[in-house]
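Colleague: model this:
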Amino acid sequence: MWLLLLCLVVDGLPGASLYQTCKQYDVVEYLNITERESLLLMTIPKSDWTKPLIISVDVLFISILAVVEKTQTITTYFWIYALWKNDFLSWDPKQFCNISHITLPLSYLWTPDLYLLEQVAVNTPQWMTYANLSHEGLVTAARPTHLTSTCVLDFYYFPFDTQKCSVSLVSAMHRERSLVLKSLKNSSDMNSELFEYFVDNGEWIPLEVKVEEKIINGYSRLLYTMVIQRQSSLYTLALILPSLCLLALDLLCHFIPKSYNEKVGFKITLLLGISVLMLLLNDFLPASSDNPPVIVIFFIGTMTLMCTGILETILVMYIGGRMIKPESTCTGTFPLYQGLLLKSPSKEINLKEEEHSPEDGVLSSLERIRRDVHLMREQILSMQSSDKLETERENFQEKMEKVVFYCHLTLVSAFYIVVFVKWKW
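Modeller: Got it, this is the predicted structure:
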């Protein structure tokens, strides 16, 4: 008897039937979603048509996959979280064991038509299969997005450049009086959580993210602006430092002693090396640009300075060669030992005459010896004069080369100071 009375008392207490309703299925059955599926999908889920439906959006940036300079596009990966209220789906958690959230297939619910205006690739992202529904009727849906969008890239400071790219999230069909987009976080909150889930791909890193709420042409719009910076270490090591090394070798050619032909050949080899680096640079920069980047000016200036160095070396060789002309030899003179080794027809006649006149033969022999000694003396003096002139010419070329080198070094220093100032180093 007492056991029966106790069971009746327990059945009469509040919450005695909790064991029969503590299931999410009971909430779904209470909401009657399956039978109202067509109505829940057709129209905006709001009861007061005089007020717009507020869509709260949060964007979580994950990675910057690629920035293509040639096509002026940027590829990013991020998640879009949308939150809105469905006025026709709510329940009292106290009646269902305090169940305040359930998960439903999103295909049973109305979803906002959110599009990204800057998208250029055919990649239509889909909402996740399931959505979260709270007891107040708040629906939370997520959509992973792999976006390739247009971005006006400025390469003036390449590879030390920062880019600013914008993405506009907008409803394609619903105007501002029906649907308004709001951001769940402001710019400062987004920047504080920017690197929490961001995956660095090695070349680009985000600096700042801004979000703005705008009404353009009667449509509500969320404008996300991301400022990104290029990590320039690879380009510095692969392009800029090799160019500076080639130019340094070009300047060090000045210290090659008295070998202008080797200097010119070595300088031309260095010029071919800088040409190869310019071909590599052409793969990174766009085909057309209204304002040439600083790095283009850097390479063109470096090549011009190296060409100027070659012209300076040729000029020194030309002026040194034209400065002193060799003196013309006197009429009747001949090379050393020519008078001793060769005999002219007149000498043969004299020799024949010597056979008949011994005194004349002795005199003619002495005359020939005297003449040969005179010619040897002139030859020796001429060789000494040539050595002296050659020494003077080399000294003049050395002085001229020093003056040209210091002028060239001053020009190189001034050019690179201007370039590095433009790069804002």
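
Colleague: what comes up buried for the helix or strand harbouring Ile300?
Modeller: Using DSSP states H and E, Ile300 sits in helix 294-323. Residues 294-296, 298-299, 301-303, 305-306, 308-310, 312-313, 316-317, 320 are the ones in helix 294-323 that count as buried (16 or more other Cβ atoms under 10 Å). For the C-beta atoms, the positions are set from N, CA and C on the backbone; glycine is no exception.

Colleague: got it, and stretch 26-43?
Modeller: 26-28, 31, 33, 40.

Colleague: Then stretch 136-148?
Modeller: 137-143, 145, 147-148.

Colleague: Among these, which lie within strands?
Modeller: 138-143, 145, 147-148 (DSSP state E).

Colleague: which two in the residues you listed are spaced the farthest apart?
Modeller: Greatest spacing in these, by Cβ to Cβ: Leu138 and Thr148 (32.1 Å).

Colleague: so where is the stretch 51-200 of the chain shaky, pLDDT-wise?
Modeller: 123-124 (pLDDT under 70).

Colleague: secondary structure class for Ile102?
Modeller: Here Ile102 takes the strand state, with states given by DSSP: H, G, I helix; E, B strand; the rest coil.

Colleague: still on that earlier bit, other SSEs contacting the helix holding Ile300?
Modeller: helix 241-252, helix 260-282, helix 358-422 (3 or more Cβ pairs under 8 Å, 6 or more residues apart in numbering; DSSP states H and E).

Colleague: And the shortest one, what's buried?
Modeller: Read that as helix 241-252. Neighbour-count burial for helix 241-252, with 16+ other Cβ under 10 Å as criterion, is recorded at 242-243, 246-247, 250.

Colleague: same question for it, mean pLDDT?
Modeller: For helix 241-252, mean pLDDT rounds to 90.

Colleague: what helices or strands is it leaning on?
Modeller: Taking 3+ Cβ pairs under 8 Å, 6+ apart as the contact cut, helix 241-252 packs with helix 260-282, helix 294-323, helix 358-422.

Colleague: Restrict that helix to CA atoms and write it as PDB.
Modeller: This file holds the C-alpha atoms of helix 241-252, laid out as PDB (Å, rounded to 0.1, in the frame of the first residue of the first chain):
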ATOM      1  CA  LEU A 241      72.100  39.900 -53.400                       C
ATOM      2  CA  PRO A 242      73.400  38.100 -56.600                       C
ATOM      3  CA  SER A 243      73.000  41.400 -58.500                       C
ATOM      4  CA  LEU A 244      74.900  43.300 -55.900                       C
ATOM      5  CA  CYS A 245      77.700  40.600 -55.900                       C
ATOM      6  CA  LEU A 246      78.000  40.800 -59.700                       C
ATOM      7  CA  LEU A 247      78.300  44.600 -59.500                       C
ATOM      8  CA  ALA A 248      80.900  44.300 -56.700                       C
ATOM      9  CA  LEU A 249      82.900  41.900 -59.000                       C
ATOM     10  CA  ASP A 250      82.600  44.500 -61.800                       C
ATOM     11  CA  LEU A 251      84.100  47.100 -59.500                       C
ATOM     12  CA  LEU A 252      86.900  44.800 -58.400                       C
END
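
Colleague: So what touches it?
Modeller: Residues from elsewhere that reach helix 241-252, judged by Cβ atoms under 8 Å, 6 or more residues apart in numbering: 266-267, 270, 273-274, 277, 298-299, 302, 305-306, 309, 405, 408-409, 412.

Colleague: end-to-end on stretch 90-105?
Modeller: Start and end residues of stretch 90-105 are separated by 16 Å (Cα to Cα, to the nearest Å).

Colleague: For that stretch, buried residues please.
Modeller: Under 16+ other Cβ under 10 Å, the buried positions of stretch 90-105 are 91, 96-97, 99, 102, 104.

Colleague: So Ala131: helix, strand or coil?
Modeller: strand.

Colleague: distance of the most centrally placed residue in the chain from Ala238?
Modeller: The chain has Pro159 as the residue nearest its centroid, 4.2 Å off, counting by Cα atoms, centre = their mean. Relative to Ala238, Pro159 is positioned 10 Å away (criterion: Cβ to Cβ, to the nearest Å).

Colleague: Could you do Pro206 as well?
Modeller: 24 Å.

Colleague: same deal with Ala248?
Modeller: Note on Ala248: its distance to Ala238, by Cβ to Cβ, is 17 Å.

Colleague: do the same with Asn191
Modeller: Noted for Asn191: a distance of 32 Å to Ala238, by Cβ to Cβ.

Colleague: Show me which parts of the longest strand anywhere in the chain are buried, residue by residue.
Modeller: Criterion DSSP E: the longest strand present in the chain is strand 53-68. Neighbour counts over strand 53-68 (16+ other Cβ under 10 Å) mark 53, 55-61, 63-64, 67 as buried.

Colleague: now, which of the buried residues of stretch 26-43 sits nearest Ser259?
Modeller: After measuring those against Ser259 - Cβ to Cβ - the closest member comes out as Leu40, at 89.6 Å.

Colleague: how close does that closest one sit to Thr111?
Modeller: From Leu40 over to Thr111 the distance is 11 Å, taken as Cβ to Cβ.

Colleague: Likewise for Leu305?
Modeller: Relative to Thr111, and taking Cβ to Cβ, Leu305 is found at 62 Å.

Colleague: Can I take it that Gln229 is in a strand?
Modeller: Yes. Gln229: assigned to a strand according to three-state DSSP.

Colleague: Thanks again, I'm all set now.
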